[in-house]
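>>> I would like to see how this sequence folds:
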Amino acid sequence: MPRCFVLVALWAAILIPSAAVADFIARHGLSSPQYQAAFDNSVSKGFALTGVDGYATPQGVRYAAIWNPGGGAPWVARHGMSAAQYQAAFNQYTAQGYRPVDISVTGTGQGAGTFAALWSKAPGAFVARHGLTSQAYQGVFNDLTGKGYRLVDVEGYATQGGVVRYAALFLRTQGPAWLARHGLTSGQYQNAFNKAVGQGYRLVHVDGYWTPQGVRYAAIWERRKGAAWVARHGLTSGQYQSEFNKYAGQGYKLVHVSGYSDGGSARYAAIWSR
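Numbers count the residues shown, from 1 in each chain. Predicted coordinates:
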């Protein structure tokens with residue numbers, strides 16, 4: 001797995017109060033110590049981490065995370081890792097039978113990135129890559145999907161010199177029809193979203209990321225039926241909190257959140273499912 005050296009624009013961040021309902025816990029705007037405290041508290045109550053996203057702010061790296069009731073396969077999670085520490089952790093846990101299920105890369109513009117990752121002791125052949133240029137990512141995507149792998153996680157980020165890189169996770173498993181796009185402007189993403197939904201697909205993953213040319217989006221859709229769901233992107237901190245409160249009140253669970261920079265301010269993209 002190639003190492004990557006990342007650079008991501010910084011933005012002003014507003015801490016938003018924690019939010020939780022009976023069957024899940026969601027927090028965001030957390031510093032590393034705050035995230036660790038929330039992590040320890042959630043795990044002590046029997047919840048398992050199911051997603052983590054790190055993002056840069058002028059005050060330092062901040063984290064958004066989601067915990068759901070535990071009881072599944074054993075899992076481990078690490079955050080605040082350098083590229084070398086992430087590679088060492090990756091080697092250690094995969095050798096013990098764990099596979100990555102979520103990877104986040106945050107840059108400060110001063111060197112190698114800060115990594116957060118979640119591994120689960122679950123079966124299934126997988127491939128995890130990071131530090132890929134758009135062209136290299138497309139090549140890996142084409143090769144692996146041709147071999148029966150499905151993209152389950154993708155994250156974009158800008159590296160030294162403004163070169164956009166990608167981290168991605170592929171799992172060799174069967175499932176419904178799916179499609180993925182990356183490098184989309186907000187307008188292109190909305191058009192792709194509308195087209196996919198019109199064809200019976202539902203959004204299962206979205207990542208917003210800063211580039212020198214503006215915010216870009218990467219997303220994954222699956223063509224399947226299921227519970228009612230909603231997705232939003234380009235939300236300010238206040239808008240995100242308002243949407244969270246509204247949907248939580250209607251019985252929706254937050255299943256995915258991505259933080260990113262747009263014009264020096266934090267924005268959020270999120271998916272809720274009832």
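>>> got the phi and psi for P212?
phi -60, psi -20 (degrees, to the nearest 10).
>>> what count of nearby residues applies to it?
When neighbours are defined as other Cβ atoms under 10 Å, P212 has 10 of them. For glycine as for every other residue, the C-beta is placed from the backbone atoms N, C-alpha and C.
>>> then R232?
For R232, the count of nearby residues is 16 (other Cβ under 10 Å).
>>> tell me the secondary structure for it?
Recorded secondary structure, R232: strand (DSSP: H, G, I helix; E, B strand; the rest coil).
>>> my read is that it contacts R267, right?
No: contact criterion Cβ atoms under 8 Å: R232 and R267 do not qualify, at 10.3 Å.
>>> list the residues that contact G148.
Contact analysis of G148 by Cβ atoms under 8 Å, 6 or more residues apart in numbering lists R172.
>>> now do it against A125, distance only.
Distance of G148 to A125, given as Cβ to Cβ, to the nearest Å: 9 Å.
>>> quick one: secondary structure of A128?
Strictly by three-state DSSP, A128 counts as strand.
>>> where exactly do the strands run in the stretch 101-250 of the chain?
In order along the chain, the stretch 101-250 of the chain carries the following strands (DSSP state E, counting those that start in this stretch): 114-120, 126-133, 149-158, 164-172, 178-184, 202-209, 216-222, 229-235.
>>> with distance to T50 and mean pLDDT as extra columns, can I get those strands in JSON lines?
Output for the strands of the stretch 101-250 of the chain, formatted as JSON lines (distance: least, Cβ to Cβ, whole Å; pLDDT from 0 to 100):
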{"stretch": "strand 114-120", "distance to T50": "8", "mean pLDDT": "92"}
{"stretch": "strand 126-133", "distance to T50": "17", "mean pLDDT": "92"}
{"stretch": "strand 149-158", "distance to T50": "12", "mean pLDDT": "91"}
{"stretch": "strand 164-172", "distance to T50": "14", "mean pLDDT": "93"}
{"stretch": "strand 178-184", "distance to T50": "20", "mean pLDDT": "97"}
{"stretch": "strand 202-209", "distance to T50": "13", "mean pLDDT": "94"}
{"stretch": "strand 216-222", "distance to T50": "16", "mean pLDDT": "97"}
{"stretch": "strand 229-235", "distance to T50": "16", "mean pLDDT": "97"}
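>>> of the ones you listed, which is nearest D40?
Comparison of the strands of the stretch 101-250 of the chain against D40 by Cβ to Cβ identifies strand 114-120 as nearest, at 15.5 Å.
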